[in-house]
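J.: Sequence plus predicted model, see below.
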Amino acid sequence: MDNLLLQVKNLQLYYQTEQGVVRAVDQINFDLHSTQALAVLGESGCGKSSIARALIRLIPRNTKLYTGQIWWRGSDIMTYSEEKLRREIRWSQISIVMPGTNSLNPVLRVAEQISEPLQVHRGISGTAALEQTAKLFQLIGIPANFMQRYAHELSGGMRQRVGLAMALILNPPLIIMDEPTSALDVLTQANIMNTLKRVKHEQNTAFIFITHDIATASELADRVAIMYAGQIVEISNAENFFTTPLHPYSQALIASVPKLRSEQEPQGISGAPPNLLNPLPGCSFAPRCNQRLDKCNNQPPPSFDQGKNCQVKCWLYQ
């Protein structure tokens, strides 16, 4: 399709630790189109943040395996050198908002930090860069007098907006957001989500929204990918997922969320996530699944196409 931005094929990212090899991202596949918002949901430790870092090659030194294909507008950027990736892709085409609110340089005024990519990547003057920064501040709701402040002078919500401004300054087609509202109160979360929705429509920006908060993801997502034990076990359109989740883990996640217009109490998920150092021979969710079949214990399920742009890794849908 003409509006296909990103295509990820068989992406793997393993870490070497003292205890062994951690399979953080294991054979991931998905597509993303222009202006789409993909929410990546799952419990802590399932590999969500590792996907974000793998996409723009911000990987740690203890990386054991980093393979696969990342096609960006028809080019496999996995074949790019580090310098070519930095010059042509990272930040100008794909940017990231890091988790938490402590990603700002404490010794730079926020306007200086945000405007710097314009000078490095676009070659414009410092004055012109600051003018564009001021316009961006207005777009995402940061008062103009905050440009000369330092990070410690901002609230958590305002620092998160500054992080978003950093990601937006070069107007990239895709922004990866890793837990952008996890450290914020409910009211500030709502304000940030409203800002993201406005940016999505006014700037025609695509998002990969990484979170463990299902309710927050439902505000922005067009598509939803469910991660478990380093794999995407279900990916579908948001409307279908939130009404009829298919994978037993997806169903358990939806059942764990309180509902305002229902008397049904939230249901917890029994057991604990698997150890990524020692993957199970079959389905990783099998020990916690109340719908498991005999083959689930020793045969990992492939991805089954369920129509309506939905795939699920579960033997129930063979």
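T.: Yep, that arrived.

J.: got the residue ranges for the strands in this structure?
T.: Taking DSSP state E as the criterion, the chain carries its strands at 4-16, 21-33, 37-41, 63-72, 75-76, 94-97, 174-178, 206-211, 223-228, 231-237, 304-305, 311-312.

J.: Any idea which of those gets closest to Leu277?
T.: Among the strands of the chain, the nearest to Leu277 by Cβ to Cβ is strand 21-33 (5.8 Å). For every residue, glycine as well, the C-beta is placed using N, CA and C.

J.: Going by neighbour count, which residues in that closest one are buried?
T.: 21-33 (16 or more other Cβ atoms under 10 Å).

J.: Likewise for stretch 72-90?
T.: 72, 77-78, 80, 85-86, 89-90.

J.: what residues are up against Pro274?
T.: By Cβ atoms under 8 Å, 6 or more residues apart in numbering, the contact list for Pro274 reads 229, 280, 284, 287.

J.: how near is it to Gly282?
T.: According to Cβ to Cβ, to the nearest Å, Pro274 stands 11 Å off from Gly282.

J.: contacting residues around Thr79?
T.: Per Cβ under 8 Å, 6+ apart, neighbours of Thr79: none.

J.: Quick check: which ranges of the protein have low pLDDT?
T.: The chain contains residues with pLDDT under 70 at 1-2, 100-102, 183.

J.: Could you pull out the helices in it for me?
T.: Using DSSP state H, the helices found in the chain span residues 48-55, 82-88, 110-117, 126-140, 156-168, 186-203, 214-220, 238-243, 248-255.

J.: would you turn those into a markdown table with distance to Cys314?
T.: Output for those, formatted as a markdown table (distance: least, Cβ to Cβ, whole Å):
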| stretch | distance to Cys314 |
| --- | --- |
| helix 48-55 | 20 |
| helix 82-88 | 35 |
| helix 110-117 | 43 |
| helix 126-140 | 40 |
| helix 156-168 | 35 |
| helix 186-203 | 30 |
| helix 214-220 | 19 |
| helix 238-243 | 14 |
| helix 248-255 | 7 |
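
J.: So for Ser262, which of these sits nearest?
T.: The nearest among the helices of the chain, by Cβ to Cβ, is helix 248-255 at 10.8 Å.
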